[in-house]
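Asker: here's a sequence, model it:
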Amino acid sequence: MTTSRVITAIDDQGIALVSLNRPEKGNALDMAMFDAICKTIKRLKKDKSVRVIILRGQGDNFCTGLDIKSVLTNATNGMKLLAKWSPFVANKAQYICTGWRDVPVPVICVIEGICWGGGLQIALGADFRIATPDANLSIMEAKWGLIPDMGGSLPLRELVAKDVALELAMTARQLSGTEAKSLGLVTHLSDNPIEHAQTLAQELLNRSPDALAAVKKLYKKSWWSGPGFALFRESWYQIKVLMGKNQRIAVKREMSDGSTEKKPYINCKFR
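Answerer: Model (predicted):
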């Protein structure tokens, strides 16, 4: 699965390596990049062979943010990004963040070099972020007299306190990977983040894809809901997981003494 702006390679274990592919421009977001990311998310969301996604940027930077000069050369581009059929759904600009949250498999983002503005909002849409200590992260929009409007406010409120989010968004201050980790924007620090991501992916492959999908959906829907709905979802999702073959496979895999090859999981049924 390859476009001019995004390269996707899926290995035989179901690990999809997704690479933003505009290294000569720091993987900045032009209209072709927006289109390619949206199409990639939609394809991976439907692909039941995919178990884990690793998202990275080609070259030295993850993503330097919006390519303002390129996007603003056409007056209709803004409307294409912001238009939506309902005020309560994501538009194209927002989907490059929120879309990753809807994919029913774990998404790991590798952050190296610059991760500014829209780039950071993409990264926030992942379930895990692994950055180098010297990475450079910023909610950059205020520098251009804008607000962050690519969906990142949803995961941001789950990661940091309100006053921290306000300061970062109002000042456009640049953070090192180390400082971002201390604030909760980054899950792990690593000198070799792609290798760290592969290790985490292998851990996740050992777990039932049904359980992983259910946990992701449960926490997304229940993080800010009332306790009653959260408890209802726990029970309902658990029943659905128990009805699937992967739960029984998980038990057999854990009870195996290692003398026989562990039975592989089947494609995720929890969608």
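Asker: could you report the pLDDT at residue 190?
Answerer: Note for residue 190: predicted pLDDT of 98.
Asker: show me the chain divided up by domain.
Answerer: Here the domain parsing of the chain from automatic domain parsing is 6-204, 208-255.
Asker: for those domains, which one ends up most surrounded?
Answerer: Highest mean neighbour count of the domains of the chain: domain 6-204, a mean of 19 (counted as mean count of other C-beta atoms under 10 Å). Every C-beta, even on glycine, is put in place using the N, C-alpha and C of the backbone.
Asker: which residues of the stretch 1-150 of the chain score low on pLDDT?
Answerer: 1-3 (pLDDT under 70).
Asker: what ranges does it have for its helices?
Answerer: In the stretch 1-150 of the chain, helices defined by DSSP state H, counting those that start in this stretch lie at 31-46, 68-71, 77-82, 92-102, 118-124, listed in chain order.
Asker: which SSE is residue 199 in?
Answerer: Per DSSP states H and E: residue 199 is located in helix 193-205.
Asker: got a list of contacts for the helix or strand that that helix is followed by?
Answerer: Next helix or strand after helix 193-205 toward the C-terminus (DSSP H and E): helix 209-222. Outside helix 209-222, the residues that touch it by C-beta atoms under 8 Å, 6 or more residues apart in numbering are 51, 101, 104-106, 127, 204, 229-230, 233-234, 237-238, 240-241, 244, 246-247, 250, 265, 267-271.
Asker: residue ranges of the strands in the stretch 1-150 of the chain, please?
Answerer: 6-10, 15-20, 52-57, 107-111, 114-116, 128-131, 136-138 (DSSP state E, counting those that start in this stretch).
Asker: helices or strands up against the first one?
Answerer: I take that to be strand 6-10. Packing partners of strand 6-10 (3 or more C-beta pairs under 8 Å, 6 or more residues apart in numbering; DSSP states H and E): strand 15-20, helix 31-46.
Asker: do the second one as well
Answerer: Packing partners of strand 15-20 (3+ C-beta pairs under 8 Å, 6+ apart): strand 6-10, helix 31-46, strand 52-57, helix 193-205.
Asker: thinking again about what came up before, just the mean pLDDT for the helix holding residue 199, thanks.
Answerer: The predicted model gives helix 193-205 an average pLDDT of 98.
Asker: quickly note the distance from the nearest residue to residue 31 once chain neighbours are set aside to residue 55.
Answerer: Spatial nearest neighbour of residue 31, excluding adjacent residues (C-beta to C-beta, 6 or more residues apart in numbering): residue 77 at 5.7 Å. Per C-beta to C-beta, to the nearest Å, residue 77 is found 24 Å from residue 55.
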